[in-house]
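Engineer: just the structure for this:
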Amino acid sequence: MDKAAGEDDVDLEEKKEAYRDEAEEEAEEDHLSPARWWFATTLFPLMAGTFGPMASAFSLCALIEQWRLIQDPTSTESEGRYVSDPSWVLAVNAVSFVIAIIANMFLLANNFGRIPFKIAQPATITGWYIASFMLIGLVAAAPSHLPLPPGQARTFSQAYYYAILAAALYFIVASLLVATAAGIWLGRYSSDFKLTFSQKTLMIQVLLFLGYLLSAAAVFAYVEDWDYLDAVYWVDVTLFTIGYGDFSPKTHLGRSLFLPMAIGGILFVGLIVASISTLALDRASTKVSIRRVEKARQRALKNFNPKTGTTHLRPSKERKIENSPSSELERREQEFNIMRGVQQTAADENRMLALGVSVGAFVVLWFIGAVVFWQAEKGAGDWSYFESLYFTYVSLLTIGYGDFYPQDNSAKPVFVLWSLIALPTLTVLIGSVGGVINEGVNAITLWISDHLPEKTGALSAMKDEASKAKGSESQSAKPPGFMDDGKSDDAGTDDPVHAEAVKGIGQSMNEHAGSNAADLAAAKHNRHYLLMKEMKNVVQHTGATPPRQYTYAEWTWFLKLLGEDESDEERHRRPWQEHESELAATAKGEGPANARDKDGRLKPWSWLSQRNPLMTAVDEPKWVLERLMQALERELRQEGEKNFAQEKGR
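Structural biologist: Model prediction:
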């Protein structure tokens, strides 16, 4: 029974390790996979989960008020008199709303893992398409089937235009989910993908914000005697801190309720903006950054000339590996430096892309939005296009002078939709542009600090601060002298235990038959001591701003601790061999997951390979810390199993 129990423990640990390796490979496959699959598996469902409830909120607005108004020619549309709609309009509108709510519930249940994808997604897609087509039919039939008495000026209310917006949103989000489902049907990814907890939180935040907006509108419509849809417009303008002044509380009760309502709603907006920034756009930026590094790496391999040892990261940027370096370490360091150049090239390209996307989004939100409001206000406000540009710009920056504001019944619903999309997005984009500018300023500051004299009074303090920003005062991650075959003679450390551990690390990783058992035990102890010491060291580097990047000497030390000797030529591959290997793997339909041998070790690799430690989705200290912990855990488990077996033998 003891033997069986011991074997079960070993099998369990082996299974755990296999699952961990499989999860690690899946994570690496995910961050190396094309960005378009991230859009299909994460961004599209996330957009559906946020815009679906928004469409239902607009559908509710279309259901609450009548669709027709009798307008007095001497007053604005909002001052018209409502005309009751036929019962069939209310019935079709209500059925559409109920179907859409059920579709939303199916999507929410799927995202939280309560209903499987194959059941929830068809129900959601079908429900939203039905709701969209029903509203489209109503909107199309309204002009001809909802007549008014002759001689009276008829116009449509805000509810009619909310129905148009709801129908469009239902159709768009349903189509996004069709694109996601198509990728699964084509076998591009599994239906088991799930949104993260933070992404689910964003969906709930949007749902609660919409409920807050509609509920606050109901309260103020009753207290201030406003039309409900005018109250929706006013709450939206208030929560985004625009404040045109066309509506404001006049009663004592309304002004009293305004105090908690405004601060609560503004906090909601802040939470949503923060979530969009950290979850949606930052995740997309990370995904795009990784793909840019991968493309720059492939470009470097493709342009590599084995005869001259040169490659071009950019047309005018040449890097070289000497054909006859003095040692394997020197050749590998040159490879490492090329990979760092690949990272820098990708980072520069990504900054320009982020800046271009931010400017492009601002232009679209500004100029296209101006066209929409220009056309919508031709009846009531009779704006020129320049006036519409001015209004849109003032609104985007949440200044809100109040000299221009939406007056037409079509303009107010469009403004609510536009503001819900444009203002949080623009706030996040301004933050990303600020990040790009801040990186440039930091780079200039560090450059100045590197070229300042050593002792220049106030400038010396500036140099010290810049050095801290670069992390140059952080504790070094390598013991001096370790690269001299692991000898401790020149280690330059005051800790004799540390020096002796460095000296014996080679023996602990290369056991042989002639080794003394006591010496091997001491060597293993020293190795475990070093692993613990380096984990404590690396923890200090996690969370650094900017993220810590290790030197080649530090990477050599870490890899030696993990069993990868940078001076061992047999474990390495040349860049042109790497390129040929990747081309052959692609032709066979194989991916980077085939890069490990039967023992789980990396096959011979290059610093320009897809599996090199710099091609990681996390910061370098986190990657190193995780591998050191795994190595220590694995070795302690193996030692424990060995001791357990010896005890049983006795």
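Engineer: report all helices and strands that the host helix or strand of residue 319 contacts.
Structural biologist: Assigned by DSSP states H and E, residue 319 falls within strand 317-320. Contact partners of strand 317-320 among helices and strands, from 3 or more CB pairs under 8 Å, 6 or more residues apart in numbering; DSSP states H and E: strand 310-314, helix 328-363. (Glycine included, C-beta is placed from N, CA and C.)
Engineer: do a quick rundown of the strands in the chain.
Structural biologist: 68-70, 81-83, 154-156, 310-314, 317-320 (DSSP state E).
Engineer: closest to residue 129 out of those?
Structural biologist: strand 154-156 (24.5 Å; CB to CB).
Engineer: tell me which residues are up against that closest one.
Structural biologist: With contact meaning CB atoms under 8 Å, 6 or more residues apart in numbering, strand 154-156 is reached by 67-71, 77, 80, 83, 142, 148, 409-410.
Engineer: among the residues you listed, which one has the lowest pLDDT?
Structural biologist: Per-residue confidence across the contacts of strand 154-156 is lowest for residue 77, with 64 (pLDDT).
Engineer: buried stuff in stretch 415-424?
Structural biologist: 415-420, 422-424 (16 or more other CB atoms under 10 Å).
Engineer: so which of those are in helices?
Structural biologist: 415-420, 422-424 (DSSP state H).
Engineer: wait, residue 294 sits on residue 610?
Structural biologist: Yes: with contact defined as CB atoms under 8 Å, residue 294 and residue 610 form a contacting pair (7.3 Å).
Engineer: touching, residue 534 and residue 561? I think so.
Structural biologist: Yes: using CB under 8 Å, residue 534 is in contact with residue 561, at 6.4 Å.
Engineer: distance-wise, check residue 622 relative to residue 550.
Structural biologist: In this view, residue 622 and residue 550 are 12 Å apart by CB to CB, to the nearest Å.
Engineer: quick one: which of these two has more around it?
Structural biologist: Applying other CB atoms under 10 Å to residue 622 and residue 550 shows that residue 550 carries more neighbours, namely 21 against 18.
Engineer: what's the closest non-adjacent residue to the more buried one?
Structural biologist: Nearest non-adjacent residue to residue 550, counting by CB to CB, 6 or more residues apart in numbering: residue 620, 5.5 Å away.
Engineer: what do you get for residue 229?
Structural biologist: Excluding its sequence neighbours, the residue lying closest to residue 229 (CB to CB, 6+ apart) is residue 158, at 4.2 Å.
Engineer: cool, residue 571 as well?
Structural biologist: residue 604 (5.6 Å).
Engineer: dump the residue contacts of that neighbour.
Structural biologist: With CB under 8 Å, 6+ apart, residue 604 has these contacts: 570-573.
Engineer: which of those residues ranks first by neighbour count?
Structural biologist: residue 572 (21 neighbours).
Engineer: and the buried residues of stretch 415-424, which is closest to residue 348?
Structural biologist: Using CB to CB, these come closest to residue 348 at residue 424, 28.4 Å.
Engineer: can you tell me how far residue 175 is from residue 182?
Structural biologist: Look at residue 175 and residue 182: by CB to CB, they are 10 Å apart.
Engineer: try residue 100
Structural biologist: Distance check for residue 100 against residue 182: by CB to CB, it reads 22 Å.
Engineer: quick one: which of these two has more around it?
Structural biologist: A direct count of neighbours by other CB under 10 Å for residue 100 and residue 182 places residue 100 higher, at 27 against 11.
Engineer: now do the contacts for the more buried one.
Structural biologist: 52, 55-56, 59, 127-128, 131, 166, 170.
Engineer: now render those residues as TSV, adding neighbour count.
Structural biologist: Shown next, in TSV, are the contacts of residue 100 (neighbours: other CB atoms under 10 Å):
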residue	neighbour count
52	29
55	28
56	24
59	29
127	24
128	29
131	29
166	31
170	30
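Engineer: show me which pair in those residues is furthest apart.
Structural biologist: Farthest pair in the contacts of residue 100, by CB to CB: 127 and 166, 13.3 Å.
Engineer: so where is the stretch 501-650 of the chain shaky, pLDDT-wise?
Structural biologist: Along the stretch 501-650 of the chain, segments meeting pLDDT under 70 span 501-520, 578-602, 650.
Engineer: pretty sure residue 169 sits against residue 57.
Structural biologist: No: in terms of CB under 8 Å, residue 169 does not count as a neighbour of residue 57; the distance is 9.7 Å.
Engineer: mind showing which ranges of the stretch 51-200 of the chain have poor pLDDT?
Structural biologist: Short version for the stretch 51-200 of the chain, where the test is pLDDT under 70: 73-79, 148-153, 189-194.
Engineer: 80 instead?
Structural biologist: 71-80, 146-154, 186-199 (pLDDT under 80).
Engineer: what about the helices in it?
Structural biologist: 87-111, 117-145, 158-185, 197-224 (DSSP state H, counting those that start in this stretch).
Engineer: buried deepest among those, which one?
Structural biologist: Each of those was scored by mean neighbour count; the highest is helix 158-185, a mean of 21, by mean count of other CB atoms under 10 Å.
Engineer: could you say what helices and strands that helix packs with?
Structural biologist: Going by 3+ CB pairs under 8 Å, 6+ apart, helix 158-185 lies up against helix 44-64, helix 87-111, helix 117-145, helix 228-239, helix 411-451.
Engineer: compare those helices and report which one is nearest to residue 385.
Structural biologist: Of all the helices and strands packed on helix 158-185, it is helix 411-451 that lies closest to residue 385, at 14.6 Å by CB to CB.
Engineer: report the angle between that closest one and helix 158-185.
Structural biologist: 50 degrees (axes from the mean of the first three to the mean of the last three CA atoms, to 10 degrees).
Engineer: contact partners for residue 418?
Structural biologist: With the criterion set at CB under 8 Å, 6+ apart, residue 418 makes contact with 365, 369, 372.
Engineer: do the same with residue 375
Structural biologist: Residue 375 sits next to no residue when contact means CB under 8 Å, 6+ apart.
Engineer: also residue 200?
Structural biologist: 111-112.
Engineer: show me whatever sits in contact with both of residue 175 and residue 182.
Structural biologist: Joint contacts of residue 175 and residue 182 (CB under 8 Å, 6+ apart) do not exist.
Engineer: state the distance from residue 615 to residue 212.
Structural biologist: In terms of CB to CB, residue 615 sits 44 Å off from residue 212.
Engineer: if we can go back for a sec, okay but the residue nearest to residue 229 is in contact with residue 228, surely?
Structural biologist: No: applying CB under 8 Å, one finds residue 158 not in contact with residue 228, separated by 9.2 Å.
Engineer: can you list residues touching both of the two?
Structural biologist: 61, 65.
Engineer: how does the protein divide up, domain by domain?
Structural biologist: Using automatic domain parsing, the domain ranges for the chain come out as 37-192, 318-470, 474-649.
Engineer: got those domains as JSON lines, with distance to residue 265 columns?
Structural biologist: As requested, the domains of the chain are exported to JSON lines (distance: least, CB to CB, whole Å):
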{"stretch": "domain 37-192", "distance to residue 265": "15"}
{"stretch": "domain 318-470", "distance to residue 265": "12"}
{"stretch": "domain 474-649", "distance to residue 265": "32"}
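Engineer: pick the most deeply packed of the ones you listed.
Structural biologist: domain 37-192 (a mean of 18).
Engineer: sweet, I'm off.
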